[in-house]
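Asks: Show me the folded form of this:
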Amino acid sequence: MGRQTTHNTSTYSRTESRRAQYSASSGYYMSGSSAVAPEYLYQEEVVQEQNRKAAVKPKKKHDVAQWLATLTVVFAMGMALVGQYAYIGNLGYEVSQAKNELKTVQMQNEKIKNEISAAGGLQNVELIAVNYMGMHKPQGQEIIYLSAAK
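Replies: Predicted coordinates:
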């Protein structure tokens, strides 16, 4: 026939303590059942829970450090982008100033060319020299002849 099992109080109290312990935490025990998972599973589960608790704290620190590093990189890239646009804007301003200066110089150049072409004839040069500069044509005694030595 079959084996008879006898339950003593120490086995019963140990089973009840396991039921209470695991029914609250892991849900391995089902009410109405006298079966409990083997002891090594419970110890392994306790070790895993301890490892999980130990791994959570450094992971959070790592996550915060990674988040700060990412935020720093994004901020640096944003500042570089803003700096680049500021530099481009400054170059555009300098180009527009150079174009305005070029237009001014070109207008002055045209004005001088027009004055030269207006005063370019010999009669105008003589008129300006006699009337404005006080020059006159030399008289016979004012002429000096130089010999050309070879």
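Asks: any idea which helix or strand comes after the top helix by length along the chain?
Replies: Using DSSP state H to define each element, the chain has its longest helix at helix 39-118. Per DSSP states H and E, helix 39-118 leads on to helix 122-131 as the next helix or strand towards the C-terminus.
Asks: what's the average pLDDT for the longest helix of the chain?
Replies: Mean pLDDT, computed over helix 39-118, is 85.
Asks: so what pLDDT did Pro138 get?
Replies: pLDDT at Pro138 comes out at 82.
Asks: sec struct for it, please.
Replies: coil (DSSP: H, G, I helix; E, B strand; the rest coil).
Asks: if I look at it, how far off is Tyr145?
Replies: To Tyr145, Pro138 is 12 Å away according to C-beta to C-beta, to the nearest Å. Yep, even glycine has a C-beta here, placed from its N, CA and C like the rest.
Asks: Comparing these two, which residue is more hemmed in?
Replies: Set Pro138 next to Tyr145 and count neighbours by other C-beta atoms under 10 Å: Pro138 wins out with 9 against 4.
Asks: What separation do you get for the more buried one and Arg52?
Replies: Taking C-beta to C-beta, one finds Pro138 at 117 Å from Arg52.
Asks: What of Glu142?
Replies: From Glu142 to Arg52 the distance is 119 Å (C-beta to C-beta).
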